[in-house]
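Trainee: one predicted model, sequence on top.
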Amino acid sequence: MNDNSALYAFNKFGDTVLRAAFAMTGSYPEAEDITQEVFLTLHAKPQDFESDEHMKAWLLRTAINRCRNLRNSARMRRDTPLDEALANTLSCEFTPRDNEIRERIAKLPREVLICDIPLLL
């Protein structure tokens, strides 16, 4: 592999890796970080690939492994579900309006709650 292999891989498979990372994390910022780490790893430790499909498989497997590591990390385990977080607030008595809002929030797609920027892939 030459010095431009990571750049070539990013141009060819960057969107694919980002989409896979987003599908696993549900967080666009986390997916961007993981994608960056995957291509930095390839740049730091160039690999010899038999074909573009082999390169794609390696990139996706590396991204998937990093997503799993993130999911198993202490930071992700530390996150508290919404109902649990609300129960730990100082005022634990909810009005009917509060319950209605909680139910509506629970019905929102996960991406709406996690991402504060639109996903434009």
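Mentor: Everything's here; your move.

Trainee: shaky segments in this protein?
Mentor: Counting by pLDDT under 70, the chain contains low-confidence ranges at 1-3, 74-94, 109-121.

Trainee: in it, which spans are helices?
Mentor: According to DSSP state H, the chain carries its helices in the segments 5-25, 28-44, 52-72, 74-77, 82-87, 96-107, 110-114.

Trainee: care to break the protein down by domain?
Mentor: Under automatic domain parsing, the residue ranges defining each domain of the chain are 5-77, 82-114.

Trainee: just name the most buried of those.
Mentor: Among the domains of the chain, domain 5-77 has the highest mean neighbour count (mean count of other CB atoms under 10 Å), at a mean of 16. Backbone N, C-alpha and C define where each C-beta goes, glycine included.

Trainee: my guess is Leu60 contacts Arg19, does it?
Mentor: No - with the criterion set as CB atoms under 8 Å, Leu60 and Arg19 do not qualify as a contacting pair; they are 10.0 Å apart.

Trainee: for Trp58, which residues are in contact?
Mentor: When contacts are counted by CB atoms under 8 Å, 6 or more residues apart in numbering, Trp58 touches Gln47, Phe49.

Trainee: what's the closest non-adjacent residue to Phe39?
Mentor: In space, not counting the residues next to it along the chain, Phe39 is nearest to Phe10; the distance is 5.0 Å by CB to CB, 6 or more residues apart in numbering.
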